[in-house]
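sequence and predicted structure are below.
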Amino acid sequence: MTDLQQHPAQKAIDRFGRTINYLRVSLTDKCNLRCVYCMPEDMIFRPQAELMQDHELMALVRVFASLGFNKYRLTGGEPTVRQNIVDIVGGIASTPGVTSLSMTTNGILLDELAAPLAKAGLQRVNVSIDTLDPARFKRITRWGSLDKVWAGLEAAEQAGLTPIKINAVVVKGFNEADVTELAKLTIARDWQVRFIEMMPFGDVAGFAKEQIVTDAQIRERIAQDYLPLEPVGVANGRMDGEARMYRFPDAKGEVGFISSVTMPFCASCNRARLTADGVLRLCLLRDKEVDLLTPLRHGATEHDLKRIILDGIWHKPWGHGLSDDIVPLTRVMSQIGG
Ligand code: SAM
Ligand code: SF4
């Protein structure tokens, strides 16, 4: 049923009729920060030899692109700590079929890298900032400096990696008081500030479940501290990818809510993930995976890899099981690629 003959157009379609054309590629599981909701401070990383080498990564990207995957986001771990990051971006950007290439980064290294990355073909960045308070930023990231990230944001704007999107995970007891100042960044800047509900993974799952802050709670707080946000377009806010969009009256930018836990967007999911160890992860929040690196290392042809990918995508789970207390256990976010 799911052999190549059943996919004459060789497009990646799942058994629910969703076309999957968006690949999030994790370039490394390593990171130069240790955010409390993402990884423990003494995180152990995989040996380099177990991760995709540059030529393996490029071989897999070419196969995905030939299956209609046109949209790519580089992530991690922290993608900017990957060796040869500029060459990798250049290689993916020039792969036939790739039309969109962006990156999710903590921004720490962007002041040096924004210009060369843009030149190599990167189009946009999402930068993760959970608070504008330097002391709280340090508490959440354990090792981070907000000044470095601001310098990175300026470099990204200058390099044209726009529109800039800011990702903020809201964690009870850490930064729920910061949401208003973060949202107000959009008044004078055409940025998109997106609040992300914390999701439970592996060892940090208990922590996440207790400290989740919902989008309704965030909007209430912003309305109390400043002004109510207004939905853009429709009653619940127009969707921009996975985010529901709101804005302050007369603001230049917009505020988005990514509520994967309380308002899942599984019906319109068009994405899959390639982990740094070369595994196709079919849903962020389900442990179902298909190994691609081992077959590649054992001599699988492009035709073989296409078949493995199409079969995997066909069996992509419908959605997550968080409401039934089914939590992903095999990997934390940094090992999947958020
Ligand atoms: N290091 C980069 C960064 O921080 O932007 C890219 C990888 S990081 C895993 C991608 C995104 O996942 C970040 O915006 C981060 O805040 C978010 N994230 C990490 N752990 C999360 C969790 N448990 N729930 C929700 N989002 C999480
Ligand atoms: Fe690193 Fe990003 Fe995880 Fe923070 S969220 S520890 S920056 S991978």
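Everything's here; your move. Ligands and ions are numbered 1, 2, ... in the order given.

test my guess that residue 315 contacts residue 14.
Yes. Judged on C-beta atoms under 8 Å, residue 315 makes contact with residue 14 at a distance of 7.4 Å. (C-beta placed from N, C-alpha, C; glycine too.)

more neighbours: those two, which one.
residue 14 (21 against 12; other C-beta atoms under 10 Å).

from memory that one sits against residue 312, does it?
No. Counting by C-beta under 8 Å, residue 14 sits too far from residue 312 to count as a contact (9.5 Å).

any idea how far the spatially closest residue to residue 94 that is not a sequence neighbour is from residue 80?
Leaving aside its sequence neighbours, residue 94 sits nearest to residue 121 (C-beta to C-beta, 6 or more residues apart in numbering; 6.6 Å). Computed as C-beta to C-beta, to the nearest Å, the residue 121 to residue 80 distance reads 15 Å.

so what's residue 232 closest to, chain neighbours aside?
That would be residue 245: by C-beta to C-beta, 6+ apart, it lies 4.2 Å from residue 232.

residue 103: helix or strand, and which one exactly?
Per DSSP states H and E: residue 103 is located in strand 100-105.

now do the buried residues in that strand.
Buried residues in strand 100-105, counted by 16 or more other C-beta atoms under 10 Å: 101-105.

filter these down to the ones near ligand 1?
Residues of those in contact with ligand 1 (C-beta under 6 Å from any ligand atom): 104-105.

output the buried residues of strand 100-105 as TSV; include the columns distance to ligand 2.
TSV is the format used below for those (distance: C-beta to the nearest ligand atom, whole Å):
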residue	distance to ligand 2
101	19
102	15
103	12
104	8
105	8
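
and residue 10, how many neighbours?
Residue 10: 12 surrounding residues under other C-beta under 10 Å.

oh, I was asking about residue 82
Applying other C-beta under 10 Å, we find 21 residues neighbouring residue 82.

residue 109 against residue 80, yeah?
Yes. Counting by C-beta under 8 Å, residue 109 touches residue 80, with 4.2 Å between them.

these two: which is more packed in?
Taking other C-beta under 10 Å, residue 109 and residue 80 do not tie; residue 80 has more neighbours (26 against 20).

contact partners for that one?
When contacts are counted by C-beta atoms under 8 Å, 6 or more residues apart in numbering, residue 80 is found next to 103, 105, 108-110, 113.

do you know how far it is from ligand 1?
8 Å (C-beta to the nearest ligand atom, to the nearest Å).

so that residue, which state does it fall into?
At residue 80, secondary structure determined by DSSP: H, G, I helix; E, B strand; the rest coil is helix.

for the stretch 101-250 of the chain, what spans make up the strands?
Taking DSSP state E, counting those that start in this stretch, the strands of the stretch 101-250 of the chain run over residues 124-128, 165-170, 192-197, 230-231, 239-240, 243-247.

now tell me which of those strands the model trusts least on average.
Per-stretch mean pLDDT for the strands of the stretch 101-250 of the chain is lowest at strand 239-240 (a mean of 84).

give me the residues contacting that one.
Outside strand 239-240, the residues that touch it by C-beta under 8 Å, 6+ apart are 192, 245, 254, 256, 265, 268.

10 Å instead, please
Defining contact as C-beta atoms under 10 Å, 6 or more residues apart in numbering, one finds that strand 239-240 is touched by 165, 192, 194, 232-233, 245, 254, 256, 258, 265, 268.

specify the beta-bridge partners of residue 193.
On the basis of DSSP bridges, residue 193 is bridged to residue 166, residue 255.
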